[in-house]
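Trainee: Just to be clear, the model below is a prediction. Sequence and coordinates:
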Amino acid sequence: MEHLWAPWRMAYIEPQTPQPQGCIFCTLPAEHRDAENYILYRGTLCFMMLNRYPYNNGHLMIAPYQHVPSIMHMHVVPRWYGDTNFMPVIADTKVLPELLSSVYEKLKRALDALRDSPTEPGVDAAG
């Protein structure tokens, strides 16, 4: 077996103290620490955040503020030509080349620009 050195992943593996309690879609928006929790956008009924354990760079989750017992949420996983390579096929390893904090900053700037750009009358830029 080959080893891929990725020490920054340790933050996701080590146990958190204290252990998170409850539904992340309820507790994280209530903390109002959007950058720390990777919350990119807050709408009237739902919010959008980066997945801390992404399948690909830019993996988003969209969830309602109102708790739904089945923890209903939607995943948006970007795909593009060239996002696959030999690592998953040959080495059973997925390489994510960018830190979540970098992805957050790029997406946050883009979403803020969309929100602040002029739109046609009666059209909401955020959907």
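Mentor: Structure's in. What do you need?
Trainee: What residues of the helix or strand harbouring residue 106 count as buried?
Mentor: Residue 106 belongs to helix 100-116 when elements are defined using DSSP states H and E. Within helix 100-116, the residues that count as buried by 16 or more other CB atoms under 10 Å are 100, 103-104, 107-108. In short, each C-beta sits where N, CA and C put it, glycine included.
Trainee: got a list of contacts for it?
Mentor: Counting contacts by CB atoms under 8 Å, 6 or more residues apart in numbering, the residues outside helix 100-116 that touch it are 35, 38, 40-41, 50, 52, 54, 57-58, 60, 125-126.
Trainee: quick one on the thing from earlier: now, among the buried residues of helix 100-116, which is nearest to residue 92?
Mentor: Of all the buried residues of helix 100-116, residue 92 sits closest to residue 100, with 22.4 Å by CB to CB.
Trainee: Wait, a helix at residue 62?
Mentor: No. Going by DSSP: H, G, I helix; E, B strand; the rest coil, the assignment for residue 62 is strand, not a helix.
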